[in-house]
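Engineer: A structural model of the following input is requested.
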Amino acid sequence: MYYYILNPTAGGGRLKHQQEKLRDRLRALGIDGEFAKTTGPGDATRLARYAIEKGHTTIVAVGGDGTVNEVINGITGRVAVGIIPLGHTNAVAMQLGIGDWETACEVLAERRINEFNLIAAGQNFFVSTLTLGFETELDKQLEEPATTHRGRLGQLRSSMVHAQRFDTLACTLKTEAFTMQAEAFSLSVVNQKFLAPLSADRLNISLSERPGRRRRASYVWQVLRGISPLDEAATTRFLADRLLIETDPSTGITVDGKLVGRTPIAIRLTDRQVRFIIAKTKS
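Structural biologist: Now for the predicted structure:
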C-alpha cells in the first residue's frame, strides 16, 4: 500500500484545492493508500520512518523540494519514493520527468524505479541540489515566490540588482584528486546520475563565474524558476567522490532550497541509496 506524506502549506496551500481531485485520480489508478499531513519542519522525515515501521514499501512526498528532501532523510531499506509536485519549487520532480500532479499519478501507477546514491553534506542527505553563492543568498532576499505576473517582474528586477551587487566568494575546493582556488559567483553539487540516469553515481560540481550584463537577466530568470543556469563558457564542471568546500568569508549552504549549514563543509557520495519512482528513463 502507498503511504502519502502531504505538506498542506506547500505551494501556498495548493493541496487544499487539489486534494479531492488527487485522491479521486489515485483511486481510479488503483494506488490509493494511507495519507498523513505534516505540521512543521522535520515531520516528513518522522512520518517516513513511521511508515517504514508499519511495513509500507512505497512512500510518496506530496509537496515541493523541501518535503522530498525530508522524506529521503527518513528512508531506509528498499522502500520506493514517489513524488507528487505541489510546491513552490519542484526541481527534483522535474528532473525525474514529473512536471505536474496529473503526470505524477500516472508515473506512480507505472512504478518505474531507478536507484540513486545519496550525497551527505554534514548530517544531511540529498540527491539534488546543494548550492552556495548567489542562489543561496538570493533565497534569503526573497520571501514567498511570486504568483502573479507583476510579482514575478518585481522579483526579477530586485534579483537583477542583487546579482549586480553580489560579491563573488573566494573558494578552496579539495577533492580526493586535487585542490583548487577559485572566485565563485555560484557553486552547485548534484549526483551525476540524477542528471543523467544512465550515468554512474558521482559528485557533479559546477562552479560558475559572474554572468555578464548581456546574460544576467536570463541567468537570474532561470534561477527564479528553479532551473540550473547553463553557460559552458562561464562554468567549470568536474566530477569527484568527496569534496571539501572552504570559502572566505564563510557562507550558507542550501540543500533543495533549505539552509542546512555553513562553510567549511565536507560533502561525500555515500553507499546509502534511494529508489525513486521516475518517468521514462532519459537516454
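Engineer: can you give me the strands for the stretch 151-283 of the chain?
Structural biologist: Listed in chain order, the strands of the stretch 151-283 of the chain (DSSP state E, counting those that start in this stretch) span 169-175, 179-184, 186-191, 203-208, 235-240, 242-248, 252-255, 258-262, 265-278.
Engineer: rank those strands by pLDDT, which is bottom?
Structural biologist: Lowest mean pLDDT of those: strand 258-262, a mean of 86.
Engineer: who does that one pair up with?
Structural biologist: strand 252-255 (antiparallel) (DSSP bridges).
Engineer: which other residues reach the partner strand?
Structural biologist: 69, 121, 124, 126, 129-132, 135-137, 139-140, 245, 259-263, 265 (C-beta atoms under 8 Å, 6 or more residues apart in numbering). Any C-beta I mention is one placed from the backbone N, CA and C, and that applies to glycine too.
Engineer: check which residues of that strand are buried.
Structural biologist: Neighbour counts over strand 252-255 (16 or more other C-beta atoms under 10 Å) mark 252, 253, 254, 255 as buried.
Engineer: domain parsing for this structure?
Structural biologist: Listed by automatic domain parsing, the domain ranges of the chain are 2-110, 130-270.
Engineer: can you pull out the helices in the protein?
Structural biologist: For the chain, the helices defined by DSSP state H cover 14-28, 43-53, 65-72, 91-95, 101-110, 134-141, 149-165, 192-195, 213-224.
Engineer: shaky segments in this structure?
Structural biologist: 137-164, 212-234, 281-283 (pLDDT under 70).
Engineer: could you rerun that using 50?
Structural biologist: 141-143, 232-233, 283 (pLDDT under 50).
Engineer: from residue 132, how far off is residue 246?
Structural biologist: Distance, residue 246 to residue 132, using C-beta to C-beta, to the nearest Å: 11 Å.
Engineer: higher neighbour count, these two?
Structural biologist: Applying other C-beta atoms under 10 Å to residue 246 and residue 132 shows that residue 132 carries more neighbours, namely 24 against 16.
Engineer: many thanks, I have nothing further to ask.
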